[in-house]
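**Q** Fold the following, please.
(chains A, B, C and D)
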Protein chains: 2
Amino acid sequence: MPSVQLKNPLEALEPLFAKGERELYRDREVVYYPGVASDSVFYIETGHVKISYLDTSGKRLVLALRGPGDLVGEGALMGEERRRHLVQTLGDTLLVRLDRELVVSWLRRHPEASSYLLRWLHEKIVELEELLVDLAFRDIQSRLSRKLLQLSQEFGVRTEDGVLIGCRLTHKDLAEMIASARENTTLALNRLEQEGIVDKGRYRIVVKNEESLKRKCQVG
Amino acid sequence: MPSVQLKNPLEALEPLFAKGERELYRDREVVYYPGVASDSVFYIETGHVKISYLDTSGKRLVLALRGPGDLVGEGALMGEERRRHLVQTLGDTLLVRLDRELVVSWLRRHPEASSYLLRWLHEKIVELEELLVDLAFRDIQSRLSRKLLQLSQEFGVRTEDGVLIGCRLTHKDLAEMIASARENTTLALNRLEQEGIVDKGRYRIVVKNEESLKRKCQVG
DNA sequence: GGATCACCTCCTTTCTAGGGAGCAACCCTT
DNA sequence: AAGGGTTGCTCCCTAGAAAGGAGGTGATCC
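**A** All right, here's what the predicted structure looks like:
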């Protein structure tokens, strides 16, 4: 285990990312479908991806968004045979495709790197558990507030009005992230706008008052 | 990565488990509380533990059950400072406490072991995602059926009547595993009993007809 | 430039799953 | 024998899913 804390646990893997093949995806393009062979990992250079689970009924749940400096498709390194998710870009996105064997052999040659990967994976577990707890205990208003807060902290861009969430999200995307109906998500978002807490436009959400938003999270 | 698939990804760590301190816990005893220092990992020799998240409102969500051959408290290895969960035993349980530093230094000396740990962690992620999807899409009847199926597969003991779920679970425990009210869980369980799919008694559930149970899972 | 089309956003109404409260009965433990 | 924990049952009521439109907006085509 590292004695020094790194900002991003994956920094230790940087040299590896240079070895991959860079691929440009357009907005909403599919990176992989569920069921296809799980044989590579992607490093996100710029842009964002949305990882979702497709239900048999056609409904979706967005399990995570990932942005620059993050990995996606890591299951390929951990015994996953076929993809379990649908991964799509949000906005134009530059990925580095890393073949599984390449990563595995690199990891063998750099044994200290595994511990960083473990930490990173643990972070993902914490995020999943947070979502789980939200689903179990909070109502839509509160789930949306928490999600907006997370998004502004992870992908936020400071502007004069507040923190702009830096990825191209529709209300449907948001709804699928908090497991609610699109209509109710719109409603909740409008309420937040009326209260002057957020500002919104097409594909655009600005958190104007972070403190009020935090207060909203407790209520539900 | 291993070229041969092991049944239990943790088999590779067996030699490590001999180095720990064995501790006997009685039924329902607390192994650790949320907030305490996260400085050791536990290996389960016999018995079961319940990992739950405590909400500020006093409600609980059971994130996982773990049984013999499994680990609990693994966050200690991955940068977690304080425990995030409440861990309690179900029935009398024998744990092996492993100091964090002990495990970390062992892992450094056995670099090939990390990949097994990664695989194990990935399994846990898959389980969390399954729970998440259930919460998002399925109703109580279906969530309960899936959970019983999982439990019977993971902790089941063959008997003449069917598969007995081998841990001391109350209806409240079950309810907290599928994020529903205790009353509704009892109701759903009674329905399954009336249909002849399960058999139950105090702390005791026997899955009589696995096939019917599987059919129940699809419906919701 | 204007028309078209696909998607996105907004709003309302209806209907139901299931949370919550409140008890009664039961049974194991001490 | 008492008491705490577990189970069974009922009723009420709210959150929110589902359906069904109507207007907006941006891209693309002519």
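**Q** Do you have the helices of chain A handy? List them.
**A** A:14-17, A:100-109, A:113-137, A:140-155, A:171-177, A:182-194, A:210-219 (DSSP state H).
**Q** okay, which residue is most central for chain A?
**A** Chain A has residue A:65 as the residue nearest its centroid, 1.6 Å off, counting by CA atoms, centre = their mean.
**Q** related to what we said a few turns ago, compare the helices of chain A and give me the one nearest residue B:108.
**A** helix A:113-137 (8.5 Å; CB to CB). To be clear about C-beta, it is placed using only N, CA and C from the backbone, and glycine gets the same treatment.
**Q** Does that closest one pack against any helices or strands, and if so which?
**A** Helices and strands touching helix A:113-137, by 3 or more CB pairs under 8 Å, 6 or more residues apart in numbering or on different chains; DSSP states H and E, are strand A:60-66, helix A:100-109, helix A:140-155, strand B:40-54, strand B:60-66, helix B:113-137.
**Q** and it, how far from the chain's centre?
**A** Distance of helix A:113-137 from its chain centroid, counting by CA atoms, centre = their mean, to the nearest Å, is 12 Å.
**Q** pLDDT (mean, whole number) over it?
**A** For helix A:113-137, mean pLDDT rounds to 95.
**Q** ok, and for it, which residues are buried?
**A** Buried residues in helix A:113-137, counted by 16 or more other CB atoms under 10 Å in any protein chain shown: A:113-122, A:124-125, A:128-129, A:131-137.
**Q** Stretch A:59-70 too?
**A** So stretch A:59-70, judged by 16+ other CB under 10 Å, has buried residues A:60-67, A:70.
**Q** ok, those vs residue B:106, which is closest?
**A** Using CB to CB, these come closest to residue B:106 at residue A:70, 29.6 Å.
**Q** if we can go back for a sec, with residue B:199 as the reference, name the closest of the helices of chain A.
**A** helix A:113-137 (28.6 Å).
**Q** Determine the angle, from 0 to 180 degrees, between the closest one and helix A:210-219.
**A** 70 degrees (axes from the mean of the first three to the mean of the last three CA atoms, to 10 degrees).
**Q** Let me see the domain layout of chain A.
**A** Domains of chain A are assigned by automatic domain parsing as A:9-133, A:139-219.
**Q** Mind listing the residues bridging to residue A:97?
**A** The partner list for residue A:97 in beta bridges (DSSP bridges) reads residue A:21, residue A:42.
**Q** Would you mind confirming that it is in contact with residue A:21?
**A** Yes - when contacts are counted by CB atoms under 8 Å, residue A:97 is listed as touching residue A:21 (4.9 Å).
**Q** Of these two, which one has the most company?
**A** residue A:97 (16 against 10; other CB atoms under 10 Å in any protein chain shown).
**Q** possible to save the helices of chain A as CSV with distance to residue B:40?
**A** Shown next, in CSV, are the helices of chain A (distance: least, CB to CB, whole Å):
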stretch, distance to residue B:40
helix A:14-17, 32
helix A:100-109, 26
helix A:113-137, 16
helix A:140-155, 30
helix A:171-177, 35
helix A:182-194, 42
helix A:210-219, 32
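**Q** check contacts around the residue lying closest to residue A:23 once chain neighbours are set aside.
**A** Among residues not flanking residue A:23 along the chain, residue A:95 sits closest, at 5.2 Å (CB to CB, 6 or more residues apart in numbering or on different chains). For residue A:95, the contact set (CB atoms under 8 Å, 6 or more residues apart in numbering or on different chains) comprises A:22-25, A:31, A:42-45, A:47, A:49, A:72.
**Q** Could you report the separation of residue A:212 from DNA strand C?
**A** Plainly put, residue A:212 is 19 Å away from DNA strand C if you go by CB to the nearest atom of the strand, to the nearest Å.
**Q** swap in residue A:53?
**A** Separation of residue A:53 from DNA strand C (CB to the nearest atom of the strand): 18 Å.
**Q** Look up the residues forming beta bridges with the residue nearest to the centre of chain A.
**A** Applying DSSP bridges, one finds that residue A:65 bridges with residue A:50.
**Q** pretty sure residue A:76 is in contact with residue A:41, am I right?
**A** Yes - counting by CB under 8 Å, residue A:76 does reach residue A:41; the two are 5.4 Å apart.
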